[in-house]
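Participant: structure of the sequence below:
(chains A and B)
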Amino acid sequence: MSTDILTIAEAAALISAGKLSPVELTEACLARVKVFEPELHAFVTLTEERARADARRAEAEIRASGPKSPLHGIPIGLKDIIDTKGILTTCQSAHNIGNVPGKDAASAAALDAAGTVLMGKLTTHEFADGGPSFDLPWPPARNPWDTQRFTAGSSSGTGAAVAAGLVLGGLGTDTGGSIRGPAALCGIVGLKPTYGLVSRAGVAPAAYSLDHIGPMAWTTEDCALMLQALAGHDPADPASADRPVPDYTAGLAKGAKGLKIGVLQRWHESDRPVAPAVQAGIDAAIAAYRSLGAEVVEIKLSALQEYTAAGFFIATVERGAAYERMMLKNPEKFGQRYRDRLVFAALCTGMDYVQALRRRRELIAEMTAAMAGVDVVLTAGNPDEAPPIDQVPRWDNLDKPNFTMAFNLTGMPAICVPSGFGPNGLPVSIQLAARPFGEAVLLQAAHAFEKATPWRQRRPAMLGLAEAA
Amino acid sequence: MPTPIASEAEMSALLARTGFQLTPEQIAEYAQAYGYIVEMSARIRGERSYMAEPAHVFGFPNEEAAR
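Facilitator: Presented below is the predicted three-dimensional model:
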């Protein structure tokens, strides 16, 4: 591990043993924020006083009766489309200047109940789509590995803040890859859980039937610890699943022996050929799993473009419906990139939407059948390293399929895990996915890969840390 | 980039419901993007029967169904 920045699991162990104070930990994060935030723009709102108060309270509670969870006293941040009681929640939009919710989102409340320290609200794209944007009231987040590079989005601030150690973990949301994209480009781990596992209540919608809330952290184990606090039934979310929540950390140490890994070769080899560094990461993952005793097989699905097209129509029309009222009332308040997305909604028909829903049913059936014979599937997280932030194509979501939307469309859990570095010294990632509610085996497989590779030893150079041995 | 397949007048009609005040240049840009959307719309239209249901179906909450 890096020598200066702790993971959640490491900090929790030290806090539990009385060797680390939540106040000390929080002050270390705040000190990094002071140094690096002017370059990174990871925060829309830094809740410094709230963080100190949370940390003092956690310290007193732990001293009195021990930690109530592994997250007790851990500094975290929330993507700024997640409602927070009494704290500005902007959705990065001029529409929401001055929007202070009266209630926490269910996910924010769950992390608060686990004893976390809220450091602040993290940068996103306007209403979680369309960035990077330079015409909004707040600047886009910058990638800590190279501040001239894109973080991906829309959980861009969470990706940057976790990679730079400004927070130990954070919440993102994912409608077509918005957790996994920033995780891939910022060199961290990002988990999109199964649709319905984590409540969406109190989170601004991007597209109702594709939206997921999930953890982003430096390691898979940290994501498992966060998911444990987040998962569970919530009647306030109509899509919430009412089913038992397993122990997500119990199986992490099992390794990959006996697992069956299905590789979706056509997606990253022909449907959207990836950069050599990304392919090398996939090849290394295959080799690692074989050496760990897993069986690796090829599985076949329809072209990535089929999944992306159905997801595009569903996302576009649901987004348009959600924000139609704002669009008609105050259209001038939207930035250009989000305006583009809303205009697309006007270019789709009602028949397009229903045809996409019918295609969705077919693709869910196809993916379900393909996954029946394997424990997890493996493909790319992102096709390449992070591009320069000012060279992200305007029609990026139209002209090429991405690797993430397929699992929003089918609702299945997926995780991006770092798999190396490209020629520019920037992180690349693999993506693993599993059957619905298969987070335990997904995390097990991701953790096994992570432990078999050295990619968690290196933090961004701007932090000036020595690489751990 | 696909060839624009809609005239400015057609695009203006489609975009009128958005509320955005768009310049002819902006409308021309969206006409370019529209080509991608038409391409994708062909992908989601298969040879399926009219009996094929969409993925979103209406369901009652468990407590309602149990009454």
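
Participant: so where's the longest helix in the chain?
Facilitator: Since you didn't name a chain, this refers to chain A. In terms of residue count, the longest helix belonging to chain A (DSSP state H) is helix A:304-329.

Participant: try chain B instead
Facilitator: helix B:24-43.

Participant: packing partners for it?
Facilitator: When contacts are defined as 3 or more CB pairs under 8 Å, 6 or more residues apart in numbering or on different chains; DSSP states H and E, helix B:24-43 packs onto helix A:304-329, helix A:336-346, helix A:350-371, helix A:396-399, helix B:8-15. For the C-beta atoms, the positions are set from N, CA and C on the backbone; glycine is no exception.

Participant: which of these has the lowest mean pLDDT?
Facilitator: By mean pLDDT, the lowest-scoring of the helices and strands packed on helix B:24-43 turns out to be helix A:396-399, with a mean of 86.

Participant: surely residue A:412 meets residue A:431?
Facilitator: No: in terms of CB atoms under 8 Å, residue A:412 does not count as a neighbour of residue A:431; the distance is 11.5 Å.

Participant: now do the longest helix of chain A and helix A:350-371, the angle between them.
Facilitator: Angle between the axes of helix A:304-329 and helix A:350-371 is 140 degrees (criterion: axes from the mean of the first three to the mean of the last three CA atoms, to 10 degrees).

Participant: helix A:304-329 relative to helix B:24-43, how many degrees between them?
Facilitator: Note on geometry: by the same axes, to 10 degrees, helix A:304-329 and helix B:24-43 are set 140 degrees apart in direction.

Participant: now helix A:304-329: buried residues?
Facilitator: For helix A:304-329, burial by neighbour count (16 or more other CB atoms under 10 Å in any protein chain shown) applies to A:304-320, A:322-324, A:326-327.

Participant: what do you get for stretch A:57-77?
Facilitator: Counting neighbours by 16+ other CB under 10 Å, one finds that the buried residues in stretch A:57-77 are A:58-59, A:61-62, A:67, A:69-77.

Participant: same thing with stretch A:351-369?
Facilitator: Within stretch A:351-369, the residues that qualify as buried are A:352-364, A:366-367, counting by 16+ other CB under 10 Å.

Participant: where does the closest residue to residue A:167 other than its chain neighbours land in three-state SS?
Facilitator: The spatial neighbour of residue A:167 that comes closest, neighbours along the chain excluded (CB to CB, 6 or more residues apart in numbering or on different chains), is residue A:77 at 4.3 Å. For residue A:77, the assignment made with DSSP: H, G, I helix; E, B strand; the rest coil gives strand.

Participant: who's in contact with residue A:77?
Facilitator: Counting by CB atoms under 8 Å, 6 or more residues apart in numbering or on different chains, residue A:77 touches A:42-43, A:118-122, A:157-158, A:161, A:166-167, A:170-171.

Participant: show the pLDDT at the closest residue to chain A within chain B.
Facilitator: Among residues of chain B, the one nearest chain A by CB to the nearest CB turns out to be residue B:54. It sits 3.3 Å away. Among the per-residue scores, residue B:54 holds a pLDDT of 94.

Participant: so it makes contact with residue A:362?
Facilitator: No: proximity of residue B:54 to residue A:362 does not meet the contact threshold set by CB under 8 Å, at 10.4 Å.

Participant: skipping adjacent residues, who's closest to residue A:320 in space?
Facilitator: Distance criterion CB to CB, 6+ apart; nearest residue to residue A:320, sequence neighbours excluded, is residue A:345 at 2.5 Å.

Participant: so which bits of chain A are right by chain B?
Facilitator: Proximity of chain A to chain B is assessed by CB under 8 Å from any CB of the partner chain, with A:209, A:242, A:305-306, A:308-310, A:312-313, A:327-329, A:331-332, A:339-340, A:342-349, A:352, A:354-362, A:364, A:395, A:398-399 identified as the residues in range.

Participant: packing partners of the longest helix of chain A?
Facilitator: With contacts defined as 3+ CB pairs under 8 Å, 6+ apart, the packing partners of helix A:304-329 are helix A:336-346, helix A:350-371, helix A:405-410, helix B:24-43.

Participant: of those helices, which is nearest residue A:138?
Facilitator: Each of the helices and strands packed on helix A:304-329 was checked against residue A:138 via CB to CB, and the shortest separation belongs to helix A:336-346, namely 13.3 Å.

Participant: what angle sits between that closest one and helix B:24-43?
Facilitator: Our comparison of helix A:336-346 with helix B:24-43, counting by the same axes, to 10 degrees, yields an angle of 50 degrees.
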